[in-house]
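Engineer: predicted structure and sequence below. I'll ask about it afterward.
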2 protein chains.
Amino acid sequence: MEKAENINLHIREIEDHFKAAISVDCVIFGYDESELKVLTLDCNMDPYLELPSLLGDLVKNDENLDEAATRILYERTGITDVFLEQVKAFGELDRHPMGRVVTIAYYALIKVDEYGQNGMESKHNAKWRTIGSLEEMAFDHKKILNSSLHLLRKRLIEYPLWMKLLPEHFSLPELQNLFEAVLAKPLDKRNFRKKISKLGIIKEVGKKQEDVPHRPAKLYAVNEKKLREDYSFLLKNPFVS
Amino acid sequence: MEKAENINLHIREIEDHFKAAISVDCVIFGYDESELKVLTLDCNMDPYLELPSLLGDLVKNDENLDEAATRILYERTGITDVFLEQVKAFGELDRHPMGRVVTIAYYALIKVDEYGQNGMESKHNAKWRTIGSLEEMAFDHKKILNSSLHLLRKRLIEYPLWMKLLPEHFSLPELQNLFEAVLAKPLDKRNFRKKISKLGIIKEVGKKQEDVPHRPAKLYAVNEKKLREDYSFLLKNPFVS
DNA sequence: TTAGATAGTGTAAAAAATACACTAAGAGTT
DNA sequence: AACTCTTAGTGTATTTTTTACACTATCTAA
């Protein structure tokens, strides 16, 4: 019965190791007031009291990682159908004061205007903070944020993820500003527009900005037909590159 | 003492969740006989008996994820200084028959010639298998392999990772074949050489292939100076893009 | 009407990617 | 020594992509 022994050994070994916890932390990106922001809480755990922290929770025993991330997003913002992608796992020994907690980081992209309507922000003490204002964070959340931002930058260049951050109707200057905010560098207006228009994924909606004290910009929307034809992978959630 | 209560709640909650195990699985890539191969074991766990599996192990309580991956690589191949990068976490509920085991996948690149010299392959029942031959695998290892291969392809295009797979001296036809094996598509010889030479990262070693029944190819080696100057990030381990 | 502010538009040059076919060098054979 | 077989090695022209760059148009407000 070598096989059975082998398995018993495995079981003992595994029991010995089933002492860790798994959590999911979400870097929730939003684009608002021409800035890239992250939804944060104020940490209430020593020794990180008052420091901004990401939204996270332990993974329950009956949900997989993607489901946990989706649940956290829903519990904390009330939004469903959020764009999500796993970033990576973080497992430093000392990353959590309670013990061994390995966390799986996700980033999420949400439309701040839709989220705002639910008034969830104040209900859960969540705060939007600009990337620049997040110098010190609880746990290893600054590291997680950095990795997530790095991934977001690569993704934004590769795929039209900006559509997940912008409201239904948006202008090209807004779109360019979003790129500049995320990539943290200025872009040439004409070259930018050339590239966007070549994607063929946006269409004019026949309206213009209102209440601006200068020439109003044309408004665009995502061309849903083209989206389904050429970018259907963006509709599956969570996203896998 | 609201704070203390809060923390006690947290502790109970966490204890309730400290029932999961964390493992690391390594997709160990090697390039040999002009093919991309993966180091595998034959699974000895029901219901996956005999199916090829990746090399993995539970993460110990005193090691972080990167250390666990490095340890697994060392225990299974005897090699230190292996190129490693985390792929992502896999946490489906039913992925492991023993219970909830979330695994963090890494891929590793090793030089088959150096590894071979240790004779570790037979010592540990590890087998090199070609990618093409791995249709069915134990656990969710096929999914892990697919994700890892996908990442490797992106990385190979972006960075000169091929140097981690090739022996000290190699020819340009060998290098091109490595690309073709990993990317699974043919490349134009002249354009390929143009691109490689523009990197400036290899130098002739003044030798030629021996024992080939045709015109021998020139041999090259990595230009260590250029490597340290322009690609020092490849020397840090594990790699983070 | 004018001033102020931002929207919107095209072209030329440089760089990168692609397509493509012949000669060169060695081993093995007669 | 000549010839055959096999793979190594090389350059140019075309297309595509990226970059750099400056002026006119449209709206609000005074």
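Structural biologist: Received it, and whenever you're ready, just let me know what you need. Numbering: from 1, shown residues only, chains lettered A, B, ... in the order given.
Engineer: now the longest strand that chain A contains: average pLDDT?
Structural biologist: For chain A, the strand with the greatest residue count under DSSP state E is strand A:21-32. For strand A:21-32, the mean pLDDT works out to 97.
Engineer: can you pull the contacts of the most centrally placed residue in chain A?
Structural biologist: Taking CA atoms, centre = their mean, the centroid of chain A lies closest to A:Ala108, which sits 2.0 Å from it. Listed by CB atoms under 8 Å, 6 or more residues apart in numbering or on different chains, the contact partners of A:Ala108 are A:26-29, A:69, A:73, A:82-84. Using the backbone N, CA and C atoms, a C-beta is placed for each residue, glycine as well.
Engineer: same thing with A:Phe139?
Structural biologist: A:43, A:48, A:53, A:95-96.
Engineer: now with 7 Å, please.
Structural biologist: By CB atoms under 7 Å, 6 or more residues apart in numbering or on different chains, the contact list for A:Phe139 reads A:48, A:53, A:95-96.
Engineer: DNA strand C contacts on chain A?
Structural biologist: When proximity is defined as CB under 7 Å from any atom of the strand, chain A approaches DNA strand C at A:171-173, A:189-191, A:193-194, A:212-218.
Engineer: rewinding a little: SS state for the residue nearest to the centre of chain A?
Structural biologist: When classified by DSSP: H, G, I helix; E, B strand; the rest coil, A:Ala108 comes out as strand.
Engineer: what kind of secondary structure is the closest residue to DNA strand D within chain A in?
Structural biologist: As assessed by CB to the nearest atom of the strand, DNA strand D sits closest to A:Arg215 within chain A, at 2.4 Å. Secondary structure, three-state DSSP: A:Arg215 is coil.
Engineer: roughly how far apart are it and B:His150?
Structural biologist: 46 Å (CB to CB, to the nearest Å).
Engineer: out of those two, which sits in the more crowded spot?
Structural biologist: B:His150 (13 against 7; other CB atoms under 10 Å in any protein chain shown).
Engineer: name the nearest residue to the more buried one, sequence neighbours excluded.
Structural biologist: Excluding its sequence neighbours, the residue lying closest to B:His150 (CB to CB, 6 or more residues apart in numbering or on different chains) is A:Ser241, at 7.5 Å.
Engineer: now swap in A:Asp113 and tell me
Structural biologist: Nearest non-adjacent residue to A:Asp113 (CB to CB, 6+ apart): A:Pro167, at 4.7 Å.
Engineer: hang on, the earlier thing: can I get the contacts of A:Phe139 in CSV with neighbour count and secondary structure?
Structural biologist: Below are the contacts of A:Phe139 laid out as CSV (neighbours: other CB atoms under 10 Å in any protein chain shown; DSSP: H, G, I helix; E, B strand; the rest coil):
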residue, neighbour count, secondary structure
A:Tyr48, 17, coil
A:Ser53, 19, strand
A:Arg95, 18, coil
A:His96, 18, coil
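Engineer: got these as JSON lines, with pLDDT columns?
Structural biologist: Shown next, in JSON lines, are the contacts of A:Phe139 (pLDDT from 0 to 100):
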{"residue": "A:Tyr48", "pLDDT": "96"}
{"residue": "A:Ser53", "pLDDT": "97"}
{"residue": "A:Arg95", "pLDDT": "96"}
{"residue": "A:His96", "pLDDT": "94"}
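Engineer: farthest pair in those residues?
Structural biologist: Greatest spacing in the contacts of A:Phe139, by CB to CB: A:Ser53 and A:Arg95 (12.2 Å).
Engineer: which stretches of chain A have low pLDDT?
Structural biologist: Along chain A, the model assigns pLDDT under 70 to residues A:1-18, A:116-123.
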